[in-house]
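Q: please work out how this folds:
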Amino acid sequence: MKVWRALLLLSIGLLSGCLVTFKDPIPANEPAPAHLLGQWSRVDEYGEEQFLEVTRSGSNLYRAVSYVDSKDNTDSVEDFGFTVAHHGKRWYLSAGLPKSMGGNFALAGFEITDKDELVIYNLDVEHILQDMKEGALKGEKVDTEQGAGALVTSPLPQVITYLNDPANSDVFVEALRFSRVTPGEQQ
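A: Model (predicted):
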């Protein structure tokens, strides 16, 4: 699970230890904002400095490498690919999960603030489960060792419409906040 620890932290935050996953990924149809590329840092929950390097890996495909302290700390280096989409006022990222975690896709929101911070938003599992129960989204509850998760099976256009609806803005929970690393600070 080493490689996917960063994915989970980055793309879904694991604030509650539970996942919202999706059957459909975001297709690689759109470029990320140029300002997303580069190096970011934050102090993690263990008080260690965590770095995140975001680079282009293909046509509208991106790669994130996460590590603690320095890339020389090979035990902490984690690497994953993702795609992005911009709909309305929101940016989304999508990354595939390994078969051991269901083989579906994680989806998260993100923004780059005026203070040059990268903020990653998790989807609230309980909110998604409630909205699935009420018919706003199709899917199923998934029981995990960490608790209840959700697998959303609605088509991606319906998911994006749901996420962009201002009435659902409280489905997003801030998970991580990174600051831009300036050239003199880079590891």
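Q: ok, Ile128 to Ala167 distance?
A: 14 Å (Cβ to Cβ, to the nearest Å). Any C-beta I mention is one placed from the backbone N, CA and C, and that applies to glycine too.
Q: among these two, which residue is more densely surrounded?
A: Each of Ile128 and Ala167 has its neighbours counted (other Cβ atoms under 10 Å); Ile128 has more, 23 against 8.
Q: what secondary structure does that one sit in?
A: Look at Ile128: counting by DSSP: H, G, I helix; E, B strand; the rest coil, its state is helix.
Q: same deal with the one 3 residues further on?
A: With three-state DSSP as the basis, Asp131 sits in helix.
Q: please begin residue numbering at 18 from this point
A: In the new count, where the first residue is 18, that last one comes out as Asp148.
Q: pretty sure it is touching Asp182, no?
A: No - the pair Asp148 / Asp182 is not scored as a contact, 10.4 Å apart, by Cβ atoms under 8 Å.
Q: those two: who's more crowded?
A: Remark: of Asp148 and Asp182, Asp148 carries more neighbours, 18 against 12, as counted by other Cβ under 10 Å.
Q: any idea how far that one lies from Leu154?
A: 5 Å.
Q: common neighbours of those two, please.
A: Both Asp148 and Leu154 are contacted by Tyr179, under the criterion Cβ atoms under 8 Å, 6 or more residues apart in numbering.
Q: just so I have it, where are all the strands in this protein?
A: For the chain, applying DSSP state E gives strands covering 37-39, 55-60, 66-75, 78-85, 95-104, 107-113, 122-129, 134-140, 156-161, 164-169, 189-197.
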